[in-house]
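Colleague: any chance you can model this:
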Amino acid sequence: MVRVLPFKGYRYNADRISDFKDVISPPYDVIKGELVERLHSRSPYNISHIIKGERRDMDEGGNNEYSRAREYLEKWIDQGILIREEREDFYVYAQEFHCQGRHYTRWGFIGLIELEDFGSLEDGGDEKFAGVLQHEETMPKDIEDRLNLLRATKANFGQIFVIYPDPEGIIDGILAVRMDDEPDLVADDDLGVSHKLWVIRDENDINAISAAMAGNFAIIADGHHRYKTALAYSRENPGIMSARHRMMTFVNMSNPGLVVLPTHRLVQHIDGFDMISLIEKLKMDFDVKSYGPGETARDEMFACMDADFSGSKHAFGIYGNDKNFYGLTLRDETVMDEIGGKSDAWKKLDVTILHTLILDRYLGINKEKLASGTIGGGSFVEYIKGIGNAVNESIEMVDGGAQAVFFMNPTKVSEVEAVAGNFETMPQKSTFFYPKVYTGFTINKLD
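Modeller: Below you'll find the predicted structure:
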């Protein structure tokens, strides 16, 4: 069952930090390239110094990015840069943002969850499931990096983002009252997202939140690998009580600010790839329309994808290395019935249709190739998050040597709930919950 707990979080000292934008950062897995240096240069206290420390040529043994992370944390605490709450609290965390021409506010609460293994078919039965579910497959990638950081610092820095059902808004009502007050912390990030934090100190509110979550279930929205890291650490340290808990951000899946964007698939390195041949093969299962080249064709393709999405049809767009845009609409859902051992909810996902009928069947990119490509560095599929200038950049990548990009409609939250509730997982990168939950607002130090 889900058990959530308040905690004595460490937070940046407002008397020592003039602008909280200087010390927060995106999650570690999106800090790449020049962003590393940009975040490090903002402040000697930016949390990225800990979660994404630079490796040095002379690193060896106990002198490396993990030992430096521990030293940063200890020094910041000793210097009063980070200060600990006097008592165990929950936190309201809200993000205000614009997306696709609309304004949203997404809010939830930060607390600890008591770790447990992901739910499985063995947990199914007549009684309502209460526990932690995963919704995406995870590639067999190395989690040793995050585990080494946790071993060295004995602290949680980044959030794991989970969604939970609360259609009556019991917890949201508690959070909304606290949000009427001035926030304890405000920071605007580089994407224009305004992050706000309030501390929940009222004991009645804390007890009410814990009680409302008891017997519920939570689905990992973002952070599957971080959750697995926490499980691994807790198994290594069975005698440490605090190792049995992990800091998370919990958001009601009925929250009006819960936005899911698509993640497109760029394919490359496929031997013998031929766009015209692929299109002919796809006609076996899809109605195919050619829009031709250019911006007008691109816009028409996306307009048709939107219309099909509104009509609950399974539709995809393609831009190929022949410089033409194409639209695909699945003719008959029953073509997925040949796949055994999967629920109807799983079979009707756009992302599973794409991976099964196109990537695997006609391009030969199966799970093994997805995994080996990721590990080997020469990936067959690159995942393009559908935000900003991503569409044009993916088109430029095809013009620059990639073979094609498959454009997706977003996965619905109801689909995430249905598949996870069946103890199934979607292909990797099936969802892109926007915006990302940032790091640096609260830190949970394991005692």
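Colleague: all helices of the stretch 251-400 of the chain, in order?
Modeller: Assigned by DSSP state H, counting those that start in this stretch, the stretch 251-400 of the chain shows helices spanning 275-282, 295-310, 344-347, 350-353, 367-376, 390-399.
Colleague: quick one: work out the angle between the first one and helix 390-399.
Modeller: In terms of direction (axes from the mean of the first three to the mean of the last three CA atoms, to 10 degrees), helix 275-282 departs from helix 390-399 by 120 degrees.
Colleague: tell me what helix 275-282 is packed against?
Modeller: strand 286-292, strand 315-320 (3 or more CB pairs under 8 Å, 6 or more residues apart in numbering; DSSP states H and E). C-beta: built from backbone N, CA, C; applies to glycine.
Colleague: which one of the ones you listed is the most hemmed in?
Modeller: Of the helices and strands packed on helix 275-282, the one with the most neighbours on average (mean count of other CB atoms under 10 Å) is strand 315-320, at a mean of 24.
Colleague: tell me the mean pLDDT over it?
Modeller: The average pLDDT for strand 315-320 rounds to 98.
Colleague: follow-up on the earlier one: mind checking which of the helices and strands packed on helix 275-282 is nearest Asp447?
Modeller: Asp447 sits nearest to strand 315-320 of all these, at 50.1 Å, using CB to CB.
Colleague: give me the sheet partners of that closest one and which way each runs.
Modeller: According to DSSP bridges, strand 315-320 forms sheet pairs with strand 325-330 (antiparallel), strand 404-407 (antiparallel).
Colleague: to Arg146, which of the ones you listed lies closest?
Modeller: When the strands paired with strand 315-320 are compared (using CB to CB), the closest one is strand 404-407, at 30.0 Å.
Colleague: what's the first helix or strand after the closest one?
Modeller: helix 413-421 (DSSP states H and E).
Colleague: show me what the helix or strand following that following helix is packed up against.
Modeller: Going down the chain from helix 413-421, the next helix or strand is strand 432-434, by DSSP H and E. Counting contacts by 3+ CB pairs under 8 Å, 6+ apart, strand 432-434 is packed against strand 259-261.
Colleague: show me what the strand it packs on is in contact with.
Modeller: Strand 259-261 has contacts (CB atoms under 8 Å, 6 or more residues apart in numbering) with 99, 104, 106, 385-387, 410-413, 416, 431-434.
Colleague: now do stretch 73-84
Modeller: By CB under 8 Å, 6+ apart, stretch 73-84 touches 8-13, 16-17, 45, 50, 153, 155, 443, 445.
Colleague: quick one: closest of the helices of the stretch 251-400 of the chain to Arg361.
Modeller: It is, among the helices of the stretch 251-400 of the chain and with distance given as CB to CB, helix 275-282, at 8.3 Å.
Colleague: pLDDT on the closest one, on average?
Modeller: Computed over helix 275-282, the average pLDDT equals 97.
Colleague: list the buried residues for it?
Modeller: Met275, Leu278, Ile279, Leu282 (16 or more other CB atoms under 10 Å).
Colleague: can you give me the angle it makes with strand 286-292?
Modeller: Using the same axes, to 10 degrees: helix 275-282 against strand 286-292 is 150 degrees.
Colleague: picking that back up, as JSON lines, the helices and strands packed on helix 275-282 with distance to Leu266 would be great.
Modeller: Below are these laid out as JSON lines (distance: least, CB to CB, whole Å):
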{"stretch": "strand 286-292", "distance to Leu266": "19"}
{"stretch": "strand 315-320", "distance to Leu266": "10"}
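Colleague: can I get stretch 101-115 in CSV, CA atoms only?
Modeller: In CSV, the C-alpha atoms belonging to stretch 101-115 read as follows (Å, rounded to 0.1, in the frame of the first residue of the first chain):
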residue,chain,number,x,y,z
GLY,A,101,-0.8,28.9,-26.6
ARG,A,102,-2.5,28.1,-23.2
HIS,A,103,-1.7,28.9,-19.6
TYR,A,104,-1.5,26.1,-17.1
THR,A,105,-0.8,25.6,-13.4
ARG,A,106,0.2,22.2,-12.2
TRP,A,107,0.5,21.6,-8.5
GLY,A,108,1.1,18.7,-6.1
PHE,A,109,2.9,17.9,-2.9
ILE,A,110,6.4,16.8,-2.1
GLY,A,111,6.8,14.0,0.5
LEU,A,112,8.4,10.7,1.1
ILE,A,113,7.0,7.4,0.0
GLU,A,114,7.7,4.1,1.7
LEU,A,115,9.5,2.0,-1.0
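Colleague: can you tell me how far the residue nearest to the spatial centre of the chain is from Trp346?
Modeller: Per CA atoms, centre = their mean, the C-alpha nearest to the average position across the chain is that of Asp222, at 2.9 Å. Counting by CB to CB, to the nearest Å, the separation of Asp222 from Trp346 is 20 Å.
Colleague: my guess is Cys99 contacts Pro410. True?
Modeller: No. Counting by CB atoms under 8 Å, Cys99 sits too far from Pro410 to count as a contact (11.2 Å).
Colleague: follow-up on the earlier one: ok, now which ones touch the residue lying closest to the residue nearest to the centre of the chain once chain neighbours are set aside?
Modeller: Leaving out its chain neighbours, the residue that sits closest to Asp222 by CB to CB, 6 or more residues apart in numbering is Phe161, at 4.1 Å. Residues near Phe161 by CB under 8 Å, 6+ apart: Ile220, Ala221, Asp222, Gly223, Met248, Thr249, Val251, Phe433, Val437.
Colleague: I am finished for the moment; much appreciated.
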